[in-house]
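Asks: Mind folding the following:
(one chain, ligands or ions: 1)
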Amino acid sequence: MNTQRIAGALGARLTGPDLTQPISADLAAQLRAAWLEHGVIFLANQPLSPKQFLAFAHAFGTPVEYPFVKGIEGFPEIIEIKKLENERVNFGGVWHSDTTYLEVPPMGTMLLSKQIPPYGGDTMFANQVAAYEALSPTMKRLLEGLKGISNSAKADVSKTREDRLRTDGKHEAPKDYVAHHPVVRTHPETGAKSLYVNIAHTVGIEGLTDAESAPLLQFLFDHQVKPEFTCRWTWSPDCIALWDNRCVMHNPVNDYHGYRRVMQRITLAGTRPV
Ligand code: SIN
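Replies: Modelled structure (predicted):
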């Protein structure tokens, strides 16, 4: 397997593996090591059927269903992330880590590109270990022990789901999820500390008034996506991205109005953040 970094902060393109074939334990271990090292990995030219995509997901963890959108026919764990020609808003088009409003948010997310616009529609990623490490010792001490409050109804992100809820929504889903998680979490596999707040879902900090938490959160939201913590991926069809939600945020760029973009997405079960 060949590994090529795509930026200083995170992200690597892997070549060699053919994921249409059964994934050996050795390949799964190599992929996981690359994923833990680089935060997000990309594998191009992988024309996987839903069954093969799910098999790849099982090599990494346990696929879980997304609370708000139905899966594709026969595969409840695979949802379509799409923006149609006539739509203006892209799904999840704001910096975030996936579903931090759940008590046990997903460990990772994988996307498989199906239809790509002729230009634009890149996805950006931000390394939250690097963002944490760049803080001053005093700010790190201030954040230690604080818990952020995530709410699925925060308008920044809930408006990006509206088109998909109309076409593919799960009508039985609760309207609102709320969870409290450490502002700084420790990665259960690498032991690294990372920032775990995001502008899409974090609405406050336990024990602080809104007036007290708002400026601190705004500082963190600005800090955590500084260009030097990011990478940017330009898609081709049949490409897989797999990122670690525990220490990486993402933001799909909405710059391709009038064109269709379709991805399949699987999220992998995580553990309660500590
Ligand atoms: C998401 O999973 O938030 C969407 C990512 C993308 O469309 O690139």
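Asks: So Gly108 is in contact with Thr267, correct?
Replies: Yes - under the criterion of CB atoms under 8 Å, Gly108 makes contact with Thr267 at 7.3 Å. C-beta here means a position set from N, CA and C on the backbone, and glycine is covered the same way.
Asks: Let me see the ranges of the strands in the stretch 101-250 of the chain.
Replies: 108-115, 123-127, 147-151, 178-182, 184-186, 193-195, 202-205, 230-233, 240-244, 248-252 (DSSP state E, counting those that start in this stretch).
Asks: now these in TSV, with distance to Thr138, mean pLDDT and mean neighbour count?
Replies: Formatted as TSV, these follow (distance: least, CB to CB, whole Å; pLDDT from 0 to 100; neighbours: other CB atoms under 10 Å):
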stretch	distance to Thr138	mean pLDDT	mean neighbour count
strand 108-115	32	98	22
strand 123-127	22	98	24
strand 147-151	19	97	21
strand 178-182	18	97	19
strand 184-186	14	98	19
strand 193-195	16	98	25
strand 202-205	17	98	21
strand 230-233	25	98	20
strand 240-244	28	98	24
strand 248-252	24	98	25
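Asks: What strand or helix carries whatever residue of the stretch 1-150 of the chain ends up closest to the ligand?
Replies: The stretch 1-150 of the chain approaches the ligand most closely through Gly92 (2.8 Å), counting by CB to the nearest ligand atom. Counting by DSSP states H and E, no helix or strand carries Gly92.
Asks: wait, what's in contact with it?
Replies: 81, 157, 160-161, 200, 250-252 (CB atoms under 8 Å, 6 or more residues apart in numbering).
Asks: any residues in contact with both of Gly108 and Thr267?
Replies: With CB under 8 Å, 6+ apart, Gly108 and Thr267 have common neighbours Asn245.
Asks: count of neighbours near Gln218?
Replies: Look at Gln218: counted by other CB atoms under 10 Å, it has 11 neighbours.
Asks: what about Tyr256, distance to the ligand?
Replies: Using CB to the nearest ligand atom, to the nearest Å, Tyr256 is found at 11 Å from the ligand.
Asks: quick one: low-confidence ranges for the protein?
Replies: Regions of the chain meeting the criterion pLDDT under 70 cover residues 173-174.
Asks: if you set the cut-off to 90 instead, what comes out?
Replies: Low-confidence segments of the chain (pLDDT under 90): 66-69, 153-176.
Asks: Return the residues of it in contact with the ligand.
Replies: Within the chain, the positions near the ligand by CB under 6 Å from any ligand atom are 81, 91-92, 109, 111, 123, 250, 252, 263, 265.
Asks: Please list all residues in contact with the residue nearest to Trp233 when sequence neighbours are not counted.
Replies: Spatial nearest neighbour of Trp233, chain neighbours left out: Thr123 (5.3 Å); criterion: CB to CB, 6 or more residues apart in numbering. Contacts for Thr123 were tallied using CB under 8 Å, 6+ apart; they are 111, 232-233, 235, 241, 250-253.
Asks: rerun that using 7 Å as the cut-off
Replies: Shown in contact with Thr123 (CB atoms under 7 Å, 6 or more residues apart in numbering): 233, 241, 250, 252.
Asks: again, but for Thr20
Replies: With CB under 7 Å, 6+ apart, Thr20 has these contacts: 47-48, 52.
Asks: One more: Gln30?
Replies: Gln30 sits next to Met1 when contact means CB under 7 Å, 6+ apart.
Asks: Over to it. Which of the three states is it?
Replies: With DSSP: H, G, I helix; E, B strand; the rest coil as the basis, Gln30 sits in helix.
Asks: do Ala59 as well
Replies: Classification of Ala59 using three-state DSSP returns helix.
Asks: that older thread, switch the contacts of Thr123 over to a markdown table; also include distance to Gly207.
Replies: A markdown table is the format used below for the contacts of Thr123 (distance: CB to CB, whole Å):
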| residue | distance to Gly207 |
| --- | --- |
| Trp233 | 38 |
| Ala241 | 37 |
| His250 | 29 |
| Pro252 | 33 |
